[in-house]
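S.K.: give me coordinates for this.
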Amino acid sequence: MEISYWTSRWRKNKLGWHMQQVYPPLIKYWDAFSLKIGDRVLVPMCGKSRDLVWLADQGVQVIGVEVSEIAARQFFQEQALEYKTQEKGPFTIYESGSIQFWLESIFKLTEVQLPAIDAIYDKAALIALPPDKRPAYARLIRDCSTEIQTMLINTFEYEQDEMNGPPFAVFEYEIRDYYADWFEIYTLHERSALEELSKFRLRGLQSYLTEKVYVLQKK
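M.R.: You can find the predicted model right below:
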């Protein structure tokens, strides 16, 4: 999707993807990250997710990347966090304790040097992108984070012809196409979400909706 699509959704407060709680599989499968205190986690397209605070509470450094300034300001306001800002390349970085919120398009990461990243938490970033954007995103993730050891990726599978994304359908073969040369890929979590996310029926989805979580571990 174009940046204007997402910034428009934030301006109109149409935030159907935002969760009011920490994503349960993150808590359940946290140990799959095998991170140490002080390790650094990159969270692409993070929105104002409460997951950032939960991650920081586990003792890791967190870098969230998001294009919407509204998301940045709401995140720190809702979490009652004071912050300072700095500029780095095209990014404005909001910082509070062990949380950094990098404000700009995820694709601008190619223009700056990230600090060493130990893990990536992709909660609905890949599935927010249409097919033509996903290969470039996957390359960016690999190129900007050559030291990473672990990734956690959340996806949905469904008949794409039944409903327009986002979220888009992303199947396991695509995850393997992008990452199998660098990572071992395991399915941690798989469940039907059609009844819980019944709002998608209003958008045309009828057959099935499967939520998956993968862990990718560096070979």
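
S.K.: helices of the protein, start to end?
M.R.: Per DSSP state H, the chain carries helices over the ranges 3-11, 24-28, 51-57, 69-78, 134-144, 172-179.

S.K.: for those helices, give me a markdown table that also has mean neighbour count, distance to Glu104 and mean pLDDT.
M.R.: C-beta here means a position set from N, CA and C on the backbone, and glycine is covered the same way. Output for the helices of the chain, formatted as a markdown table (neighbours: other Cβ atoms under 10 Å; distance: least, Cβ to Cβ, whole Å; pLDDT from 0 to 100):
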| stretch | mean neighbour count | distance to Glu104 | mean pLDDT |
| --- | --- | --- | --- |
| helix 3-11 | 14 | 9 | 69 |
| helix 24-28 | 15 | 24 | 96 |
| helix 51-57 | 19 | 17 | 98 |
| helix 69-78 | 17 | 10 | 93 |
| helix 134-144 | 16 | 13 | 90 |
| helix 172-179 | 16 | 23 | 97 |
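
S.K.: need those helices in TSV with distance to Glu211, can you?
M.R.: Formatted as TSV, those follow (distance: least, Cβ to Cβ, whole Å):
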stretch	distance to Glu211
helix 3-11	21
helix 24-28	8
helix 51-57	16
helix 69-78	23
helix 134-144	18
helix 172-179	13
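
S.K.: which stretch among those comes nearest Gly204?
M.R.: Among these, helix 3-11 comes nearest to Gly204, with 19.0 Å by Cβ to Cβ.

S.K.: Thr110: which of the helices of the chain is closest?
M.R.: Across the helices of the chain, closest to Thr110 is helix 134-144 (Cβ to Cβ), at 6.2 Å.

S.K.: ok, Gln21 - contacts?
M.R.: By Cβ atoms under 8 Å, 6 or more residues apart in numbering, the contact set of Gln21 is Arg50.

S.K.: pLDDT at it, what is it?
M.R.: The model reports Gln21 with a pLDDT of 92.

S.K.: switch to numbering from 28
M.R.: Happy to do that; since the first residue is 28 now, the last one works out to Gln48.

S.K.: give the closest residue to Arg218 in space, chain neighbours not counted.
M.R.: Closest residue to Arg218 apart from its sequence neighbours, by Cβ to Cβ, 6 or more residues apart in numbering: Glu238 at 5.6 Å.

S.K.: could you give the bridge partners of that neighbour?
M.R.: Counting by DSSP bridges, Glu238 is bridged to Phe183, Arg218.

S.K.: just give me how far stretch 75-89 sits from the chain centre.
M.R.: Offset of stretch 75-89 from its chain centre (Cα atoms, centre = their mean, to the nearest Å): 13 Å.

S.K.: quick one: neighbours of the residue nearest to Arg218, just the number.
M.R.: By other Cβ atoms under 10 Å, the residues close to Glu238 number 19.

S.K.: then Asp208?
M.R.: Counted with other Cβ under 10 Å, Asp208 comes out at 9.
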